[in-house]
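Novice: I'll drop the sequence and a predicted model, then ask my questions.
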Amino acid sequence: MKDWSRPEAWANIREDVANSTTLPPEAYTDPDYHAQERAAIFGKGWCGVAMVDEVPVGRVVVREIAGTSIIITRNDQGELRAYFNSCSHRGTELVEQDGEIGTVLRCPYHRWTFDLEGRLIATPLFEKDLVENFELDDFGLRSVCVGEFVNVVWVSLNSDVPDLTSWFGDLEERLAGYLSLEALWGLYHFKDPKHRYRICRGYYRAEDKAVEEAYIKPEQVEYVVARYTYQEC
């Protein structure tokens, strides 16, 4: 595997403007580059995975980050929790898709059951008394960093990642009054046919750039930015 983190791999593009080159062609085609870039960007920082209202108490959502499946839910007190989507028994995927879960997470293979704090609470058909030094507390789910910022749920695979406030700094303050924060971060699929793409005078600048600069025309796709734009045009 080629190590794209080596300084010599980027020597040519870090020259002054008159002498530098563009990215090497491999940056767009090399699987090694893709894997290392994905790990460096999505595996180390915070990733937005859902809007806050998509994760109410009693519901779980499943997201893939840097090739790793993660489940996000809330405990009984409404606090966000995120775990690797893997049973601590045989590594079976716990949840296949978003849905209702009640008060526990249960593995579909051997029915090992975890509470919403990730603690193992039941091991049906497993005679744990016959296994020396087996303790339920040693086999809980592996937790993942999770938090809320600007009405978005964020997850990080990096246990040493700075907290969200430090990570985003004064971003919330700088965005306030400029655009509905939910609209800026959320690209939504409207199932209600009554909704229409609307750009109101006070929102045009940011929403137009979010759509147009991504080379997407709102009339060409079913994803829009304006879910939380309340004003009439």
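Specialist: Nice, thanks for sending it over. Computed from a prediction, not measured in an experiment: that's the story for all the values here.
Novice: what about the longest helix in the chain?
Specialist: Across the chain, the longest stretch assigned as helix under DSSP state H is helix 31-41.
Novice: Relative to the helix or strand following that helix, what are the paired strands and their orientations?
Specialist: Heading C-terminal from helix 31-41, the first helix or strand you meet, by DSSP states H and E, is strand 47-51. Strand 47-51 pairs in its sheet with strand 152-156 (antiparallel), by DSSP bridges.
Novice: Just the residues contacting the partner strand, thanks.
Specialist: 44-52, 54-55, 63, 65, 70, 72, 80, 82, 144-148, 164, 182, 185-186 (Cβ atoms under 8 Å, 6 or more residues apart in numbering). Using the backbone N, CA and C atoms, a C-beta is placed for each residue, glycine as well.
Novice: C-alpha coordinates for that strand, CSV please?
Specialist: Below are the C-alpha coordinates for strand 152-156, written out as CSV (Å, rounded to 0.1, in the frame of the first residue of the first chain):
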residue,chain,number,x,y,z
VAL,A,152,-27.4,18.0,14.1
VAL,A,153,-26.3,14.7,15.7
TRP,A,154,-22.5,14.3,15.3
VAL,A,155,-20.4,11.1,15.8
SER,A,156,-16.7,10.5,15.9
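Novice: hmm, back to that, and the longest helix of the chain, how far out from the chain's middle?
Specialist: Chain-centre distance of helix 31-41: 17 Å, with Cα atoms, centre = their mean, to the nearest Å.
Novice: Now for residue 70, how many residues are close by?
Specialist: Residue 70 sits with 23 neighbouring residues when counted by other Cβ atoms under 10 Å.
Novice: nope, residue 109 is what I was after
Specialist: There are 13 residues near residue 109, going by other Cβ under 10 Å.
Novice: same question, the one 10 residues further on
Specialist: The burial count assigned to residue 119 is 13, neighbours taken as other Cβ under 10 Å.
Novice: who touches it in this structure?
Specialist: Residue 119 sits in contact with 136-137, 140, where contact means Cβ under 8 Å, 6+ apart.
Novice: any chance of those in CSV, with pLDDT, neighbour count and distance to residue 3 too?
Specialist: Compiled in CSV, the contacts of residue 119 are given as follows (pLDDT from 0 to 100; neighbours: other Cβ atoms under 10 Å; distance: Cβ to Cβ, whole Å):
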residue, pLDDT, neighbour count, distance to residue 3
136, 86, 14, 42
137, 88, 7, 40
140, 94, 16, 35
